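**Q** Provide a 3D model corresponding to the input given below.
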Amino acid sequence: FRPADGTAPRWLSEGLAELVRVELAYGDQVRIAAREELAGAEEELAAREPEELSPVALRRLRDRLGVDVVVAGTYRQSAEPGPLLLEAALVDTEDAQILHRVRQTGSLAELPTLVGGAGGELRRALGVGEPTAGEAARARAWLPATLEGARLFAEATERHMLYDMTAARARLVELLRQEPAFARGHLLLALVSDALGQDEEARREIGLALAGAANLTSEQRLHVESVHHLMTRDYDGAIQVLQALVRVYPDSLRYGFHLARAQRFAGRLEDAAATLESLRRLPAPLGAHPRIDLLAAGLAAERGDWPR
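**A** Numbering: from 1, shown residues only. The predicted structure follows:
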């Protein structure tokens, strides 16, 4: 999502993208590409309007990750606290055609309602059923509870992606002061603290994330558990959880890569190599992802398999 003018809050670009991802992920009926799988693609697809998306970039994304449809949109706010206009479209990655458009208007304070309305239209256009009340509640627990929390989390996520860990940490500390039960905030702070070498804080935060994960979806809960095992050096526990995720989501490169990493840390190099080979056997284009070769090369070097 891109601001259509210079007056709308910049943090909404990240915040709207995350809200829409959660709206479309209800009930596991749509496969959503993980953020790490999309590295570089969002900048490559940068455009002010869905019609301006590059057909070449869209086709490249389709060929690399098997993505059929992209959700792109803009937002504008004529003057604060004026009405917020949200526009989004489903764009076919094969021919760059607009498949469906949505438009929602309201105040910034009504952001969850606006995105909920847009998400419902997008789900119907994709032929996806409505979530149950329980599914919706568990999915929304993955998001901050307040608008200010959404701003802080969006800014922290952006800073984390740009490797500005100090700035990310400052925003997360403030967010968790306001929303101490937000499990995903504790998870991200654990990752940021780990990157900053603050091991004690990282262990404390991942413990708090795990304690607050009961109300999340099963996938989110298992993801938190896997990170907890990795941070506490329980690699066998991490492997068991990640194997469970791979069984449920066999075409997820993200979980496959994480599993190979845990197996490598555990010294189970042959198992890690087998995991990468299973990823290589995924249907095209997933099985041809360049990161598979990159990880396999590093693993071969660690095993002393220099010809490979």
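**Q** burial check on Ala118, number of neighbours?
**A** Ala118: 22 surrounding residues under other CB atoms under 10 Å. Backbone N, C-alpha and C define where each C-beta goes, glycine included.
**Q** could you tell me which residues make contact with Leu99?
**A** 69, 89-92, 125 (CB atoms under 8 Å, 6 or more residues apart in numbering).
**Q** swap the cut-off to 10 Å and go again
**A** Leu99 sits next to 50, 68-70, 89-92, 122, 125-126 when contact means CB atoms under 10 Å, 6 or more residues apart in numbering.
**Q** same question, Gly127
**A** Shown in contact with Gly127 (CB under 10 Å, 6+ apart): 29-30.
**Q** what's the neighbour count on Trp11?
**A** There are 17 residues near Trp11, going by other CB under 10 Å.
**Q** in which helix or strand does the residue nearest to it when sequence neighbours are not counted reside?
**A** Excluding its sequence neighbours, the residue lying closest to Trp11 (CB to CB, 6 or more residues apart in numbering) is Ala154, at 4.5 Å. Under the criterion of DSSP states H and E, Ala154 resides in helix 147-161.
**Q** thought the residue nearest to Trp11 was touching Ala168?
**A** No: at 11.1 Å, Ala154 does not count as touching Ala168 under the criterion of CB atoms under 10 Å.
**Q** where does the protein dip in pLDDT?
**A** Residues of the chain meeting the criterion pLDDT under 70: 6, 36-37, 39-48, 79-81, 306-308.
**Q** next, count neighbours for Ala133.
**A** What Ala133 shows, counting by other CB under 10 Å, is a neighbour count of 7.
**Q** what's the neighbour count on Ala211?
**A** There are 13 residues near Ala211, going by other CB under 10 Å.
**Q** strands along this protein, start to end?
**A** 2-3, 69-77, 84-92, 98-106 (DSSP state E).
**Q** which one of those lies closest to Ala273?
**A** strand 69-77 (33.6 Å; CB to CB).
**Q** could you pull out the helices in the stretch 201-308 of the chain for me?
**A** For the stretch 201-308 of the chain, the helices defined by DSSP state H, counting those that start in this stretch cover 218-231, 235-248, 253-265, 269-280, 290-302.
**Q** now do the fourth one against helix 290-302, angle only.
**A** For helix 269-280 and helix 290-302, the angle between their directions (axes from the mean of the first three to the mean of the last three CA atoms, to 10 degrees) works out to 160 degrees.
**Q** and if you look at the third one?
**A** Our comparison of helix 253-265 with helix 290-302, counting by the same axes, to 10 degrees, yields an angle of 10 degrees.
**Q** in JSON lines, list the strands of the chain along with distance to Asp194.
**A** Below are the strands of the chain laid out as JSON lines (distance: least, CB to CB, whole Å):
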{"stretch": "strand 2-3", "distance to Asp194": "32"}
{"stretch": "strand 69-77", "distance to Asp194": "31"}
{"stretch": "strand 84-92", "distance to Asp194": "35"}
{"stretch": "strand 98-106", "distance to Asp194": "38"}
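**Q** out of these, nearest to Gln243?
**A** Among the strands of the chain, strand 69-77 sits nearest to Gln243 (CB to CB), with 29.8 Å.
**Q** each with direction, which strands does the closest one pair with?
**A** Paired with strand 69-77 in the same sheet, following DSSP bridges, are strand 2-3 (parallel), strand 84-92 (antiparallel).
**Q** okay, stretch 150-163 in CSV with CA atoms only?
**A** Coordinates of each C-alpha in stretch 150-163 appear next as CSV, following Å, rounded to 0.1, in the frame of the first residue of the first chain:
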residue,chain,number,x,y,z
ALA,A,150,-0.7,-0.4,15.3
ARG,A,151,1.4,2.6,14.4
LEU,A,152,4.2,1.6,16.8
PHE,A,153,4.2,-2.0,15.6
ALA,A,154,4.2,-0.9,11.9
GLU,A,155,7.2,1.4,12.5
ALA,A,156,9.0,-1.2,14.5
THR,A,157,8.5,-3.8,11.8
GLU,A,158,9.8,-1.4,9.1
ARG,A,159,12.9,-0.6,11.2
HIS,A,160,13.5,-4.3,11.8
MET,A,161,13.4,-5.0,8.1
LEU,A,162,15.9,-2.2,7.5
TYR,A,163,18.2,-3.7,10.3
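**Q** perfect, I'm done here.
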